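Colleague: fold the following for me, if possible:
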Amino acid sequence: MTIREVAKKAGVSLQTVSNVLNGRTTQMGAETRERVLRSIQELGYLPNAHARGLRSQRSATIAFLTVDPSPQFLSDPFHGMILSGMADALRERDYCLLLQALPPGNPAETFRSLYGQRRFDGAVVHLSGTHAERQRCMQQLNETGCPFVLLEEHFAGPCAASVRADNRQGAERAVGYLRGKGHKRIGFLTAADRPWPAVEERIAGYQAALKVHKLPGPREWRVDVESVEASLDVMKAVLQKETAMTAVLCSNDVMAVGAIQAAKKVGRRVPEDLAVVGFDDFEFTRYVDPPLTTVRLPGADMGRRAAELLLDCLQDGSFRETQVVFPTTLIERGTA
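Modeller: Reported below is the predicted structural model:
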């Protein structure tokens, strides 16, 4: 089945059919448009997406690109929430989703190569690494001319927009909540691997809140691997040594589960002897024993908004918004 047969059946030109297929119908009568659509349906015509892409210089694909050296990067619950939101928005606009882990050494070069091959029209990008490494990469991404939306960090550039959560406020609120419960010795548990901008903001919020509430510290502990097992080992040693510590804020929910298990190993009751607060509000947190008190990020909403910003930019030629900040919410459950 070809576009020529559709045009013949509808009694219109090839250009008219092309205009309908590509959404250029503002100058077209409603009756003509309906006749073309009816002919497409009756004939069972399916446009050749690859050929259309070659003509329009568009791939109809949005990428999710991350610098995450972990081989399990796709199983990260936060990435899962982002991807579900993106996919939901993209299917409404008939776009595909490409997933790619960029190499930590030179992520911008891989980005440039993929974009040059027209593998995607725009990208949602989640970078790890030091602040200087991320800034250098963002500058290089901006120079490609490809529109991209950064997660959890802002960059001022003509091709860039950002979607992030107010992680600093979330950490400040968590410390204030713990202080209101009577805790004075509050620690922070995080990972020692490549820095993520959201975690940097959470640490900054924790440190600022300690000063506001005139609490001692900060006391920060780092695990080599971001896992329940590694967090359990680190927190077990901490709790055996620092008996005055009565609360811990964790940089994500996975490590919070390790902290809960560590408390049980050394005979500390949660929350009576040790309060634990996580970050993210992953699906499993309500099934932990006790259910985990945590700071919620609207991950799926963030993914959807990032995809919508890109799609609107591709349509309009520029971003309608360059910064979107989602609030965080403290979810009170049983561990604090």
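Colleague: how far away is residue 266 from residue 229?
Modeller: Relative to residue 229, residue 266 is positioned 16 Å away (C-beta to C-beta, to the nearest Å). Placement of C-beta: from N, CA and C, glycine included.
Colleague: run a quick neighbour tally on residue 325.
Modeller: Residue 325: 14 surrounding residues under other C-beta atoms under 10 Å.
Colleague: cool, and residue 245?
Modeller: Neighbour number of residue 245 under other C-beta under 10 Å is 21.
Colleague: what of residue 219?
Modeller: Residues near residue 219, counting by other C-beta under 10 Å: 17.
Colleague: picking up where we left off before, who has more neighbours out of residue 266 and residue 229?
Modeller: Legend: neighbour count by other C-beta under 10 Å for residue 266 and residue 229, higher for residue 266 (15 against 11).
Colleague: in the stretch 1-150 of the chain, which spans are strands?
Modeller: Counting by DSSP state E, counting those that start in this stretch, the stretch 1-150 of the chain forms strands over residues 61-66, 96-101, 122-126, 148-151, given from the N-terminal end onward.
Colleague: let's have those strands in CSV, adding distance to residue 254.
Modeller: Conversion of those to CSV gives the following (distance: least, C-beta to C-beta, whole Å):
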stretch, distance to residue 254
strand 61-66, 17
strand 96-101, 19
strand 122-126, 17
strand 148-151, 18
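Colleague: save those strands as CSV, and put in distance to residue 183 and mean neighbour count too.
Modeller: CSV is the format used below for the strands of the stretch 1-150 of the chain (distance: least, C-beta to C-beta, whole Å; neighbours: other C-beta atoms under 10 Å):
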stretch, distance to residue 183, mean neighbour count
strand 61-66, 35, 23
strand 96-101, 39, 15
strand 122-126, 32, 25
strand 148-151, 31, 26
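Colleague: okay, those strands in CSV with distance to residue 233 and mean pLDDT next?
Modeller: As requested, the strands of the stretch 1-150 of the chain are exported to CSV (distance: least, C-beta to C-beta, whole Å; pLDDT from 0 to 100):
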stretch, distance to residue 233, mean pLDDT
strand 61-66, 27, 95
strand 96-101, 27, 93
strand 122-126, 28, 96
strand 148-151, 30, 97
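Colleague: residue 304: which of these is closest?
Modeller: Smallest distance to residue 304 across the strands of the stretch 1-150 of the chain (C-beta to C-beta): 10.6 Å, for strand 122-126.
Colleague: quick check, distance from the closest one to the centre of its chain.
Modeller: Here strand 122-126 shows a centroid-to-chain-centroid distance of 9 Å under the convention C-alpha atoms, centre = their mean, to the nearest Å.
Colleague: tell me the angle it makes with strand 96-101.
Modeller: Per axes from the mean of the first three to the mean of the last three C-alpha atoms, to 10 degrees, the angle that strand 122-126 makes with strand 96-101 is 40 degrees.
Colleague: now for strand 122-126, which elements pack on it?
Modeller: Here strand 122-126 touches strand 61-66, helix 77-92, helix 107-116, strand 148-151, helix 299-316, going by 3 or more C-beta pairs under 8 Å, 6 or more residues apart in numbering; DSSP states H and E.
Colleague: kindly recompute the last result at 10 Å.
Modeller: Counting contacts by 3 or more C-beta pairs under 10 Å, 6 or more residues apart in numbering; DSSP states H and E, strand 122-126 packs against strand 61-66, helix 77-92, strand 96-101, helix 107-116, helix 131-143, strand 148-151, strand 160-165, helix 299-316.
Colleague: of all the ones you listed, which one comes closest to residue 200?
Modeller: Within the helices and strands packed on strand 122-126, the stretch nearest residue 200 is helix 131-143; the backing value is 7.5 Å (C-beta to C-beta).
Colleague: and among the helices and strands packed on strand 122-126, the most buried is which?
Modeller: Mean neighbour counts were compared across those using mean count of other C-beta atoms under 10 Å; the top stretch is strand 148-151, at a mean of 26.
Colleague: residue 181 and residue 209, how far apart?
Modeller: Here the criterion is C-beta to C-beta. By it, residue 181 lies 14 Å from residue 209.
Colleague: oh, I was asking about residue 40
Modeller: Using C-beta to C-beta, residue 40 is found at 59 Å from residue 209.
Colleague: between the two, who's got more neighbours?
Modeller: Set side by side, residue 40 and residue 209 show more neighbours around residue 209, with 24 against 20, by other C-beta under 10 Å.
Colleague: which residue is the nearest non-sequential neighbour of that one?
Modeller: residue 175 (3.5 Å; C-beta to C-beta, 6 or more residues apart in numbering).
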